[in-house]
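Participant: What shape does this take:
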Amino acid sequence: IMLVLIFTGSLALLPPSGYVPFAVDPLQNLRYMTLPVLTLAIGEAAYILRTTRSAVTSVLDRPHMNFLRAKGISQRRMISGHALRNAAPAIVTVIGIQVGVLLGGAIIVETLFALPGVGRLIVTAINQRNYPTVQVGILAIAATFIVVSLITDLLVGWLDPRVADGSAT
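Facilitator: Residues are numbered from 1 along each chain as shown. Model (predicted):
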(Lines give C-alpha, C1' and ligand atoms only; values in the text may rest on other atoms or scores of the structure.)
Protein backbone atom coordinates (compact mmCIF):
# COMPACT_ATOMS: atom_id res chain seq x y z
CA ILE A 1 0.00 0.00 0.00
CA MET A 2 2.96 2.30 0.69
CA LEU A 3 4.25 1.73 -2.84
CA VAL A 4 0.83 2.61 -4.25
CA LEU A 5 0.74 5.82 -2.21
CA ILE A 6 4.25 6.82 -3.25
CA PHE A 7 4.26 5.91 -6.95
CA THR A 8 0.65 6.74 -7.79
CA GLY A 9 -0.17 9.50 -5.32
CA SER A 10 2.91 11.57 -4.55
CA LEU A 11 4.99 10.96 -7.68
CA ALA A 12 2.15 10.08 -10.11
CA LEU A 13 4.49 7.86 -12.14
CA LEU A 14 2.49 4.65 -12.34
CA PRO A 15 -1.19 3.69 -12.57
CA PRO A 16 -2.66 2.42 -9.27
CA SER A 17 -4.29 -0.70 -10.73
CA GLY A 18 -5.52 -2.31 -13.91
CA TYR A 19 -4.09 -4.44 -16.66
CA VAL A 20 -3.24 -4.10 -20.34
CA PRO A 21 -2.20 -7.32 -22.12
CA PHE A 22 1.34 -7.40 -23.49
CA ALA A 23 0.06 -8.25 -26.98
CA VAL A 24 -2.11 -5.11 -27.04
CA ASP A 25 0.46 -2.56 -25.82
CA PRO A 26 3.84 -3.68 -24.45
CA LEU A 27 4.74 -0.28 -22.96
CA GLN A 28 1.42 0.09 -21.14
CA ASN A 29 1.76 -3.49 -19.91
CA LEU A 30 5.15 -2.57 -18.47
CA ARG A 31 3.67 0.50 -16.73
CA TYR A 32 0.83 -1.51 -15.21
CA MET A 33 3.03 -4.45 -14.15
CA THR A 34 5.86 -2.43 -12.56
CA LEU A 35 4.13 -1.80 -9.24
CA PRO A 36 2.87 -5.37 -8.69
CA VAL A 37 6.28 -6.79 -9.58
CA LEU A 38 8.00 -4.39 -7.19
CA THR A 39 5.52 -5.30 -4.47
CA LEU A 40 6.30 -9.00 -4.80
CA ALA A 41 10.02 -8.66 -5.45
CA ILE A 42 11.29 -6.22 -2.82
CA GLY A 43 10.69 -8.42 0.21
CA GLU A 44 11.83 -11.58 -1.52
CA ALA A 45 14.97 -9.95 -2.89
CA ALA A 46 15.92 -8.70 0.57
CA TYR A 47 15.54 -12.19 2.05
CA ILE A 48 17.49 -13.84 -0.76
CA LEU A 49 20.27 -11.24 -0.55
CA ARG A 50 20.60 -11.73 3.22
CA THR A 51 20.80 -15.47 2.74
CA THR A 52 23.34 -15.07 -0.07
CA ARG A 53 25.51 -12.83 2.09
CA SER A 54 25.34 -15.28 4.99
CA ALA A 55 26.19 -18.29 2.79
CA VAL A 56 29.08 -16.51 1.08
CA THR A 57 30.45 -15.29 4.43
CA SER A 58 30.27 -18.85 5.74
CA VAL A 59 32.18 -20.15 2.72
CA LEU A 60 34.80 -17.39 3.01
CA ASP A 61 35.51 -18.52 6.60
CA ARG A 62 36.47 -22.03 5.48
CA PRO A 63 40.15 -23.10 5.59
CA HIS A 64 40.53 -23.54 1.83
CA MET A 65 39.72 -19.84 1.36
CA ASN A 66 42.74 -18.96 3.53
CA PHE A 67 44.82 -20.95 1.06
CA LEU A 68 43.41 -18.88 -1.81
CA ARG A 69 44.19 -15.68 0.09
CA ALA A 70 47.75 -16.91 0.65
CA LYS A 71 48.08 -17.53 -3.09
CA GLY A 72 47.22 -13.86 -3.64
CA ILE A 73 43.87 -14.30 -5.33
CA SER A 74 41.80 -11.12 -5.16
CA GLN A 75 38.72 -10.94 -2.94
CA ARG A 76 36.51 -10.34 -5.98
CA ARG A 77 37.80 -13.46 -7.73
CA MET A 78 37.45 -15.50 -4.54
CA ILE A 79 33.83 -14.47 -4.18
CA SER A 80 32.82 -14.79 -7.83
CA GLY A 81 34.85 -17.87 -8.68
CA HIS A 82 34.84 -19.92 -5.50
CA ALA A 83 32.54 -18.67 -2.74
CA LEU A 84 29.40 -18.22 -4.86
CA ARG A 85 29.86 -21.64 -6.42
CA ASN A 86 30.12 -23.27 -2.99
CA ALA A 87 27.23 -21.20 -1.58
CA ALA A 88 24.95 -21.88 -4.58
CA PRO A 89 23.11 -24.91 -3.12
CA ALA A 90 21.96 -22.91 -0.08
CA ILE A 91 20.93 -19.97 -2.25
CA VAL A 92 19.00 -22.17 -4.71
CA THR A 93 17.22 -23.88 -1.81
CA VAL A 94 16.07 -20.54 -0.39
CA ILE A 95 14.92 -19.34 -3.81
CA GLY A 96 12.90 -22.55 -4.26
CA ILE A 97 11.22 -22.09 -0.89
CA GLN A 98 10.50 -18.43 -1.62
CA VAL A 99 8.52 -19.43 -4.72
CA GLY A 100 5.81 -20.65 -2.34
CA VAL A 101 5.78 -17.26 -0.65
CA LEU A 102 5.52 -15.58 -4.06
CA LEU A 103 2.60 -17.80 -5.03
CA GLY A 104 0.78 -16.89 -1.82
CA GLY A 105 1.66 -13.21 -2.22
CA ALA A 106 0.43 -13.24 -5.80
CA ILE A 107 -3.10 -13.89 -4.55
CA ILE A 108 -3.04 -10.65 -2.58
CA VAL A 109 -1.21 -8.66 -5.26
CA GLU A 110 -3.56 -9.78 -8.04
CA THR A 111 -6.54 -8.73 -5.95
CA LEU A 112 -5.01 -5.42 -4.86
CA PHE A 113 -3.92 -4.36 -8.35
CA ALA A 114 -6.90 -5.87 -10.25
CA LEU A 115 -4.75 -8.25 -12.29
CA PRO A 116 -6.10 -11.37 -13.96
CA GLY A 117 -4.67 -14.60 -12.60
CA VAL A 118 -5.22 -17.68 -10.49
CA GLY A 119 -5.03 -15.67 -7.27
CA ARG A 120 -7.79 -13.31 -8.28
CA LEU A 121 -9.82 -16.28 -9.57
CA ILE A 122 -9.54 -17.93 -6.14
CA VAL A 123 -10.62 -14.76 -4.31
CA THR A 124 -13.57 -14.28 -6.68
CA ALA A 125 -14.57 -17.94 -6.27
CA ILE A 126 -14.40 -17.62 -2.47
CA ASN A 127 -16.65 -14.56 -2.55
CA GLN A 128 -19.13 -16.41 -4.77
CA ARG A 129 -18.87 -19.61 -2.69
CA ASN A 130 -17.76 -21.55 -5.76
CA TYR A 131 -15.86 -24.25 -3.90
CA PRO A 132 -14.86 -26.45 -6.87
CA THR A 133 -13.09 -23.47 -8.47
CA VAL A 134 -11.35 -22.69 -5.16
CA GLN A 135 -10.18 -26.30 -4.93
CA VAL A 136 -8.84 -26.31 -8.49
CA GLY A 137 -7.05 -22.98 -7.97
CA ILE A 138 -5.40 -24.14 -4.77
CA LEU A 139 -4.53 -27.46 -6.42
CA ALA A 140 -2.89 -25.58 -9.32
CA ILE A 141 -0.82 -23.48 -6.90
CA ALA A 142 0.15 -26.57 -4.88
CA ALA A 143 1.13 -28.49 -8.03
CA THR A 144 3.24 -25.56 -9.18
CA PHE A 145 5.02 -25.47 -5.83
CA ILE A 146 5.63 -29.23 -5.92
CA VAL A 147 7.16 -28.99 -9.40
CA VAL A 148 9.34 -26.05 -8.32
CA SER A 149 10.45 -28.01 -5.24
CA LEU A 150 11.38 -30.99 -7.39
CA ILE A 151 13.35 -28.78 -9.78
CA THR A 152 15.06 -27.12 -6.82
CA ASP A 153 16.05 -30.48 -5.31
CA LEU A 154 17.40 -31.72 -8.64
CA LEU A 155 19.33 -28.48 -9.14
CA VAL A 156 20.82 -28.64 -5.63
CA GLY A 157 21.86 -32.26 -6.28
CA TRP A 158 23.52 -31.17 -9.52
CA LEU A 159 25.28 -28.22 -7.84
CA ASP A 160 26.49 -30.28 -4.88
CA PRO A 161 27.15 -33.93 -5.76
CA ARG A 162 27.48 -34.77 -2.04
CA VAL A 163 23.73 -34.16 -1.70
CA ALA A 164 22.96 -36.52 -4.58
CA ASP A 165 24.86 -39.46 -3.06
CA GLY A 166 23.92 -38.70 0.55
CA SER A 167 27.40 -37.91 1.89
CA ALA A 168 26.72 -34.23 2.72
CA THR A 169 26.55 -33.36 6.40
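Participant: Tell me where this structure has helices.
Facilitator: Counting by DSSP state H, the segments of the chain that form helices are 2-4, 26-60, 63-71, 75-77, 84-112, 118-127, 131-159, 161-165.
Participant: what's the fifth one packed up against?
Facilitator: Same thing as helix 84-112. The elements that helix 84-112 packs onto, with contact taken as 3 or more CB pairs under 8 Å, 6 or more residues apart in numbering; DSSP states H and E, are helix 26-60, helix 118-127, helix 131-159. For the C-beta atoms, the positions are set from N, CA and C on the backbone; glycine is no exception.
Participant: now the first one against helix 63-71, angle please.
Facilitator: Between helix 26-60 and helix 63-71, the angle formed by their directions is 90 degrees, by axes from the mean of the first three to the mean of the last three CA atoms, to 10 degrees.
Participant: picking that back up, can I get the helices of the chain in CSV with mean neighbour count, mean pLDDT and distance to Pro16?
Facilitator: Shown next, in CSV, are those (neighbours: other CB atoms under 10 Å; pLDDT from 0 to 100; distance: least, CB to CB, whole Å):
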stretch, mean neighbour count, mean pLDDT, distance to Pro16
helix 2-4, 12, 76, 6
helix 26-60, 15, 91, 8
helix 63-71, 11, 85, 49
helix 75-77, 10, 87, 42
helix 84-112, 17, 91, 10
helix 118-127, 17, 94, 16
helix 131-159, 14, 95, 25
helix 161-165, 12, 71, 45
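Participant: Of those helices, which is nearest Pro15?
Facilitator: Evaluated with CB to CB, the helices of the chain place helix 26-60 nearest to Pro15, the distance being 5.7 Å.
Participant: hmm, back to that, can you redo the helices and strands packed on helix 84-112 as a markdown table with distance to Leu5?
Facilitator: Compiled in a markdown table, those are given as follows (distance: least, CB to CB, whole Å):
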| stretch | distance to Leu5 |
| --- | --- |
| helix 26-60 | 11 |
| helix 118-127 | 22 |
| helix 131-159 | 29 |
